[in-house]
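1. pasting the sequence and the predicted model now:
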Amino acid sequence: MAWFLVEITYVQEKLADVRPRHRKFLSDLADQGVVALGGPLGDGSGGISMYQADDEAALLEIINQDPYHLEGVVAERTVREFKPVIGAWIPKED
């Protein structure tokens, strides 16, 4: 399994209507252990989420089902693999 950071920029005009469905989508994935965290940027221009998936192709299958993607809220999306090594939620290596 790999970790990925996904950053999106919003189409502001569509954001408010779709946000509840997007948050439900991410909450369900968090309950499944797929999303570690997610939220909007402080300036409201977009958001960042951290996902765990087998590979980038598997991740794209997941995030392409996000209501933000399906309903045109995503103006731009960046996906980068991330290798967390420090953090309270990361298992300690022996």
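-> Done, it's in.
2. the residue nearest to residue 53 when sequence neighbours are not counted and residue 77: what is the separation?
-> In this structure, residue 53 finds its nearest non-sequential neighbour in residue 59, 3.9 Å apart by Cβ to Cβ, 6 or more residues apart in numbering. Backbone N, C-alpha and C define where each C-beta goes, glycine included. Residue 59 sits at a distance of 11 Å from residue 77 (criterion: Cβ to Cβ, to the nearest Å).
3. what do these two both touch?
-> residue 6 (Cβ atoms under 8 Å, 6 or more residues apart in numbering).
4. more neighbours: which of the two?
-> Set residue 59 next to residue 77 and count neighbours by other Cβ atoms under 10 Å: residue 59 wins out with 20 against 16.
5. mind listing what the more buried one touches?
-> 4, 6, 51, 53, 79.
6. over to residue 6?
-> Neighbour list for residue 6: 48-51, 59, 63, 77-79 [criterion: Cβ under 8 Å, 6+ apart].
7. from those residues, list the buried ones, please.
-> Burial by neighbour count, judged by 16 or more other Cβ atoms under 10 Å, picks out 49, 51, 59, 63, 77 from the contacts of residue 6.
8. export those to TSV and tack on pLDDT?
-> Below are the buried ones among the contacts of residue 6 laid out as TSV (pLDDT from 0 to 100):
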residue	pLDDT
49	97
51	96
59	98
63	97
77	98
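9. now the two most distant members of those residues.
-> The span of these, defined through Cβ to Cβ, is set by 51 and 77 at 12.3 Å.
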